[in-house]
Structure formats: structure tokens, C-alpha cells
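[1] Have a look; sequence and predicted model below, questions after that.
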Amino acid sequence: MDRNFARRVVQVLGFSLMLGIAGCGLRFGSNNSGPAELDPDIAREQTGGAGTTIQEALANRRNEERIVQVNRYIWTASLQVLNFLPIQEVDPYTGVIITGFGTPPGGGNAYRATVLIQDPALDARSLNVALQTRRGPASAATVRAVEDAILTRARQLRIADGGR
């Protein structure tokens, strides 16, 4: 299951990268003096003649994309519990936290983590954690302990915030 989760995260990141690269392949007008500007006729062709520019079409598509609502307590708790790991990437809009290798205080093994928070509820089903050591995936017991620590800290944050 840890490999499936990591594979899903890699696929999402790869897809995002492909979209970013695809956006770089826009055709520009033939005016070579000064900055290139988008040719409006080409833009209408590429958007199906809808009369909008490519930028407007991409902006509309971005607005239509599903943005995951992330539980703020789980998000904050994840960052606090895993604060010994160097952050490589965070995306609060999709609920993904990716860290580099780090050694926990008093521990001997180095770990890296990928966290996915996929629901606004303060619930165990909202949190997916994948841990890896330098030798491969971490044990299920270690992953469960980290998830429990994150959820416990999230509940503490909610209580301190005046929630019940």
C-alpha cells in the first residue's frame, strides 16, 4: 500500500509537471523584435474558435480543477511532528507534503516521508503517510506510530483552538 501511495503521488506530480511543460509550447506570433505576443488567430484556433485566448482557457480550466480541502489541524500537526525532516515540497492546495531524509531525535535510522491529506475532516481516513528508510519502506508499525502522533497532535491543536 505504501508503494501505491508513493506511486500515486509521483503520478500526480508528473502530471502537474507535464501540464506545466505543455503550457510552454504555446505558438507565438512572428514578431521577433521585443517580447513575443500570442497571435489571437492562433489562440482562437486552439480554443475551438470560442473567441477566448489560451491564457483565459487555461485560467478557466485551473478554476475548474478540484482543489482538495485540507484539514488545517492535520496539516499543522504533520509539519510539527515531522519537523526533524527537511521539507522538499509542500502543496496546501492538494494536501501533499514531501520531505527529504532526516534522523529523528534519539533515533538511528534516517527516514523520509510523503504525507497526503485528502479530506477536511479531522479523521484518520483523511491522512495517508508513506515512510521510507534508506534501505526501503519503513515498517507498518512505524508508519502507524507516525500517523497516530500526527492525529494526536491535530486533536491537541483543535482543543487548544477552542474546538471540542
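    Sure, I can see it. Everything quoted here is computed from the prediction, not taken from an experiment.

[2] shaky segments in the protein?
    By pLDDT under 70, the weakly predicted segments of the chain are 1-68, 163-164.

[3] residue boundaries of the helices in it?
    Remark: helices assigned in the chain by DSSP state H are 2-23, 40-46, 54-64, 72-81, 140-160.

[4] Looking at strand pairing, list the partners for Thr99.
    For Thr99, the beta-bridge partners under DSSP bridges are Ile87.

[5] Thought Pro86 was touching it, still the case?
    Yes - Thr99 is within contact range of Pro86, at 6.2 Å (criterion: CB atoms under 8 Å). Heads up, the C-betas are built off the backbone N, CA and C, glycines and all.

[6] Comparing these two, which shows the higher neighbour count?
    Under the criterion of other CB atoms under 10 Å, the comparison of Thr99 against Pro86 puts Thr99 first, with 23 against 11.

[7] contacting residues around that one?
    Going by CB atoms under 8 Å, 6 or more residues apart in numbering, Thr99 touches Leu82, Leu85, Pro86, Ile87, Gln88, Arg112, Ala113, Thr114.

[8] Sort out which of those residues are buried, if you could.
    Among the contacts of Thr99, those classed as buried by 16 or more other CB atoms under 10 Å are Leu82, Leu85, Arg112, Ala113, Thr114.

[9] I figured the fourth one hits Pro86, correct?
    Which is Ala113. No - between Ala113 and Pro86 there is no contact under CB under 8 Å: 10.6 Å.

[10] For Met100, give its distance to Arg153.
    For residue 100 the amino acid is Gly, not Met. 21 Å (CB to CB, to the nearest Å).

[11] Which one of the two is surrounded by more residues?
    Arg153 (18 against 13).

[12] In space, what's closest to the more buried one - neighbours in sequence excluded?
    In this structure, Arg153 finds its nearest non-sequential neighbour in Ala77, 3.8 Å apart by CB to CB, 6 or more residues apart in numbering.

[13] what's that neighbour in contact with, if anything?
    Counting by CB under 8 Å, 6+ apart, Ala77 has contacts Ile150, Leu151, Thr152, Arg153, Ala154, Gln156, Leu157.

[14] Which of these are buried? Put it as a ChimeraX command.
    Restricted to buried positions by 16+ other CB under 10 Å, the ChimeraX selection for these reads:
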select :150,151,153,154,157
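
[15] Export the contacts of Ala77 as CSV, with columns for distance to Leu122.
    Output for the contacts of Ala77, formatted as CSV (distance: CB to CB, whole Å):
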residue, distance to Leu122
Ile150, 11
Leu151, 8
Thr152, 11
Arg153, 11
Ala154, 6
Gln156, 11
Leu157, 9
